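Engineer: requesting a structural model of the entry that follows:
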Amino acid sequence: MWHHSNKGNKSIKFTDDSLKCCVGFIEFQNATNNTDIADDSSNIREYYSTVINSLSQIINRYNGKIVKSLGDRLLCYFLNFSDLNNEKAIEDVIQCGLEILEKREDMNHELSKKNNNLPLVESYKISLDYGVVDLALAGDNYQLDIFGSAVNICSKINSSSVTGKNEIIIGNNFYRILKSFPNILNRYNFLDNGEFKVTENIGYHTYKIKRSNTLLQNDDNDTNSIHSVMMEKQLNLYEDFIENKNNKREGFFFHKKKKNKRIIIIDDDEDILFTYKSFLKDYDYHIACFTDPTLTLKYIGDLSNFDNLLVILDIRMKNLNGFQLHQQIKAIDPTIKILFVTALDILDELLSIFPGITKGQIMRKPVDRKVFISTIKNLLN
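Structural biologist: Alright, predicted model coming up:
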C-alpha cells in the first residue's frame, strides 16, 4: 500500500512493503575540500559528473543502482537477492566493490584529461551490508529512495573509524550470507575488522574483504598460518558451535531435522523449555532452545536468512533481559518475529516500549497449550 506525504513543495510516496537486498555506500575522498574546484561551479559539475558516471557504469554492470548522491558519498543497492542461493548475484556485490577500488587509476586518468585539470580521487571508502530496506518515491519526479535499518547501519560503517581508505568493509549480516558459500571463501579473504557501537549497548561486527591472491604477502609462514586459521574458522563456525554446545549441555537443545519454519525459545528455566518443546513436538517446526541469551545471539548471528523465524523469549533472564535481547535481535534483522512470554503483568508497558509489538505477541505465564500453539501458528503464517 502506498501513502503520500507532502513537505514544502516536495512530495513523498512511501510503502508499507519492504525489500531485502544488499546496500552500499561509496565515499570518494578529497573532493569538495579541494579549492581548485570549490570556487568554480562548472568545475564542480564536471568533477561530480565524471566521478558519478564512471562509478555508475561499474555498479550497473553488477546489477546495482545508484539511489542518490550525498555530497561525496553515493548510496546504492543491488537487486537479485530474492534467492539467497544465487551465488553469482551475491559475489557480484563483492566484485563491484573491488572493481571500483582497482579502477581508481583509470578514473583519475579520465579526470586528468579534462581541460580544467580536475583533481584526482585519492581514495574510496566502501561499506556493504545486507538487510531490509523500505522504498520511497521522493521529489517532484518521484525518484526512488531507500531507507531503514540496513541503510542506517551501512552508513554508520562507512562513516566510522572501522573503515579505512581504499577498503571494502562489510557488516555481519552480509558476512553471514557469504560464509555459506565455500567457493566465495576460497576466492576472498575475510578479515575480522572488529565492531562499532550501533547504540551504547549494541555492537555490530564488521569484516574487511580482499582477494585471496593479493592478501598477506610479507612473511609466508606467518601469513599462511593466519590464512589457514581464518579459513578454518569460517568454514566450520556453524558446525563447531552446534557440536560444542551440545557436548557441554549448556541448556541447549537442538532438533536436527531440516524444516522450513524455525522457532528459537529462550528461558533460563530448562523445565519450561522442555514443556514448550513438548507442546510443539507434533508440528513441523525446526526448534532450538537456549537458557543463555548470549548463546542465542551467536546462534541467530550464524543463520544465513531469517525467513519464517520466530523467537520466543522470557523477560526476566540473567545476562540479558528480554528487552535488551529484543533490541539486539532486531538489530540483526528487523523482520525476525518475536513472542514475549512473561509472568509479569506489564502488557501496557510492553506495548508502549515497543510500538511494533501487538497484544498477539505477548503471552502470560502459565502458558495454555492450545493458546500457545495457536499463537505460534498465527505468527508464522
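Engineer: buried ones in stretch 368-381?
Structural biologist: Buried residues in stretch 368-381, defined by neighbour count with 16 or more other C-beta atoms under 10 Å: 372, 375-376, 379-380. Where C-beta positions appear, they are placed from N, C-alpha and C, glycine not excepted.
Engineer: whoops, I mixed them up, stretch 328-342
Structural biologist: Neighbour count says stretch 328-342 has 328-333, 336-342 buried, by 16+ other C-beta under 10 Å.
Engineer: what do you get for stretch 287-299?
Structural biologist: By 16+ other C-beta under 10 Å, the buried positions in stretch 287-299 come out as 287-293, 295-297, 299.
Engineer: start to end distance for that stretch?
Structural biologist: 12 Å (C-alpha to C-alpha, to the nearest Å).
Engineer: returning to what we had before: which of the buried residues of stretch 287-299 fall in strands?
Structural biologist: 287-290 (DSSP state E).
Engineer: domain parsing for the chain?
Structural biologist: Annotated domains of the chain cover 2-237, 247-380 [automatic domain parsing].
Engineer: that older thread, which among the buried residues of stretch 287-299 gets closest to K261?
Structural biologist: The closest of the buried residues of stretch 287-299 to K261 turns out to be I287 (C-beta to C-beta; 9.7 Å).
Engineer: are we agreed that V367 is in a strand?
Structural biologist: No: assessed with DSSP: H, G, I helix; E, B strand; the rest coil, V367 is coil; it does not lie in a strand.
Engineer: wait, it sits on T342?
Structural biologist: No: counting by C-beta atoms under 8 Å, V367 sits too far from T342 to count as a contact (10.3 Å).
Engineer: excluding chain neighbours, what is closest to the residue nearest the centre of the chain?
Structural biologist: Nearest to the mean C-alpha position of the chain, by C-alpha atoms, centre = their mean, lies N173 at 3.3 Å. Of all residues not flanking N173 in the chain, Y130 sits nearest, at 4.7 Å (C-beta to C-beta, 6 or more residues apart in numbering).
Engineer: quick check, distance from the one helix or strand the one you found maps to to the centre of its chain.
Structural biologist: Assigned by DSSP states H and E, Y130 belongs to strand 124-138. Strand 124-138 has its C-alpha centroid displaced from the chain centroid by 10 Å (C-alpha atoms, centre = their mean, to the nearest Å).
Engineer: and if you look at stretch 272-285?
Structural biologist: 30 Å.
Engineer: cool, and stretch 370-381?
Structural biologist: Averaging C-alpha positions (C-alpha atoms, centre = their mean) puts stretch 370-381 28 Å from its chain's average.
Engineer: can you check stretch 128-145 too?
Structural biologist: 17 Å.
Engineer: from the buried residues of stretch 328-342, which two are the most distant?
Structural biologist: D333 and T342 (22.9 Å).
Engineer: roughly how far apart are the residue nearest to V371 when sequence neighbours are not counted and P334?
Structural biologist: Ranked by C-beta to C-beta, 6+ apart and with sequence neighbours excluded, the top spatial neighbour of V371 is M363, at 7.1 Å. Distance of M363 to P334, computed by C-beta to C-beta, to the nearest Å: 21 Å.
Engineer: quick one: low-confidence parts of the stretch 51-200 of the chain?
Structural biologist: Within the stretch 51-200 of the chain, the ranges that satisfy pLDDT under 70 run 82, 115-117, 138-142, 199-200.
Engineer: helices of that one, start to end?
Structural biologist: Taking DSSP state H, counting those that start in this stretch as the criterion, the stretch 51-200 of the chain carries its helices at 87-102, 104-112, 149-159, 172-178, 182-187.
Engineer: could you name the helices and strands sitting against the third one?
Structural biologist: If contacts are counted by 3 or more C-beta pairs under 8 Å, 6 or more residues apart in numbering; DSSP states H and E, helix 149-159 sits against strand 10-28, strand 73-78, strand 124-138, strand 167-171, strand 203-211, helix 322-332.
Engineer: any idea how many residues pack against L84?
Structural biologist: Neighbours of L84 under the rule other C-beta atoms under 10 Å: 16.
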